[in-house]
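K.L.:
Have a look at this prediction, sequence included:
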Amino acid sequence: MPSLELRIAAENPVHPATRLRRLLETPGAAILRRNYVPEVPGYEDPQVRSEFRIAAVLAVDLSNPPQEPEQEEATAGQAADAAEPGKEAADRLSFAKGLEIWIAHAARSTCVFVDADEIGGALAMFDAYQRLARYAPAFQRLEQRVVGLQYGFREGLNVCIAGAPDDVEPRADSFFEKVAPIPQVNDFRAANFTLRLPGECIGYFQDSLRAAAAWLEENSYGNILGTK
């Protein structure tokens, strides 16, 4: 059975690649935030629930609050994307919404920030896997050791549906011997660490994303201040 593979960059990008991280790291900002950890029933296995946690986040800079709450939400993405990383204009973003994905494995732990507009792409990848898995003949024709589905978040987290957790990782000297018709292998040149989780985590990650996205859709700048 395919597994969920989380490939995490060893270090965060020097410049924030998401609006959420850019806001939370704004120098001198007084940040008010509201976090929501979605409840996903049906996944009670401790191993499934202990390796990662997804939290939906609303954040506002109290030292530079939005003047027009509704307009701020509609234009925040455009204003932030127009500003180049490292520029002073990039620090003027006053509201952001997205996810914190906390990942803990052995002695390592990290948090990856995700903007709300990235969630749809990840859900599309999981939906593609579900459609493929419904058709057993088509799914079996694939080399299930290397399924070949991946979505990369801006801050360096790659979510993959790959082979069984006990597959041998590729090495530099055998790299070309292990390339499958639909290649999805670890790049041994990249500075990252990889966490492979059982197949049950595929649905858990997808349902957590879906629940967090629904909460973000219903909540806004007004919610964080308690005015809605």
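P.N.:
The structure has been received and is ready for your questions.

K.L.:
Validate this expectation: Ile8 resides in a strand.
P.N.:
Yes. For Ile8, which was evaluated using DSSP: H, G, I helix; E, B strand; the rest coil, the result is membership in a strand.

K.L.:
Val159 is in contact with that one, correct?
P.N.:
No. With contact defined as CB atoms under 8 Å, Ile8 does not reach Val159; the gap is 10.0 Å. In short, each C-beta sits where N, CA and C put it, glycine included.

K.L.:
Going along the chain from the helix or strand of the chain with the lowest mean pLDDT, find the next helix or strand for me.
P.N.:
Across the helices and strands of the chain, mean confidence by mean pLDDT, DSSP states H and E is lowest for helix 69-82: a mean of 49. On the C-terminal side of helix 69-82, the nearest following helix or strand under DSSP states H and E is strand 95-105.

K.L.:
quick one: buried residues of that next one?
P.N.:
Using 16 or more other CB atoms under 10 Å as the test for burial, strand 95-105 gives 95-101, 103, 105.

K.L.:
mind putting those in TSV, distance to Val48 and pLDDT included?
P.N.:
Compiled in TSV, these are given as follows (distance: CB to CB, whole Å; pLDDT from 0 to 100):
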residue	distance to Val48	pLDDT
Phe95	33	93
Ala96	29	94
Lys97	26	94
Gly98	23	97
Leu99	18	97
Glu100	19	95
Ile101	15	94
Ile103	14	88
His105	14	71
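
K.L.:
Counting neighbours, what do you get for Cys201?
P.N.:
With neighbours defined by other CB atoms under 10 Å, the count for Cys201 comes to 24.

K.L.:
Which residues are in contact with it?
P.N.:
If a contact means CB atoms under 8 Å, 6 or more residues apart in numbering, then Cys201 has 3-4, 48, 51 as its contacts.

K.L.:
Secondary structure element holding the residue lying closest to Ile101 once chain neighbours are set aside?
P.N.:
Spatial nearest neighbour of Ile101, chain neighbours left out: Val112 (4.6 Å); criterion: CB to CB, 6 or more residues apart in numbering. Val112 is located in strand 108-115, with elements delineated by DSSP H and E.

K.L.:
Which pLDDT value belongs to Glu118?
P.N.:
Turning to Glu118, the model gives it a pLDDT of 97.

K.L.:
What distance do you get for the closest residue to it other than its chain neighbours to Tyr135?
P.N.:
With CB to CB, 6+ apart as the criterion, Glu118 has its nearest non-adjacent residue at 5.7 Å, and that residue is Phe153. Using CB to CB, to the nearest Å, we find Phe153 at a distance of 28 Å from Tyr135.

K.L.:
What segments of this protein are strands?
P.N.:
Assigned strands in the chain, in chain order: 3-9, 31-36, 52-61, 95-105, 108-115, 149-152, 157-162, 192-197 (criterion: DSSP state E).

K.L.:
which stretch among those strands comes nearest His15?
P.N.:
Shortest separation from His15 across the strands of the chain is recorded for strand 108-115, at 12.7 Å, computed as CB to CB.

K.L.:
how about that closest one: buried residues?
P.N.:
In strand 108-115, counting by 16+ other CB under 10 Å, buried: 110, 112-115.
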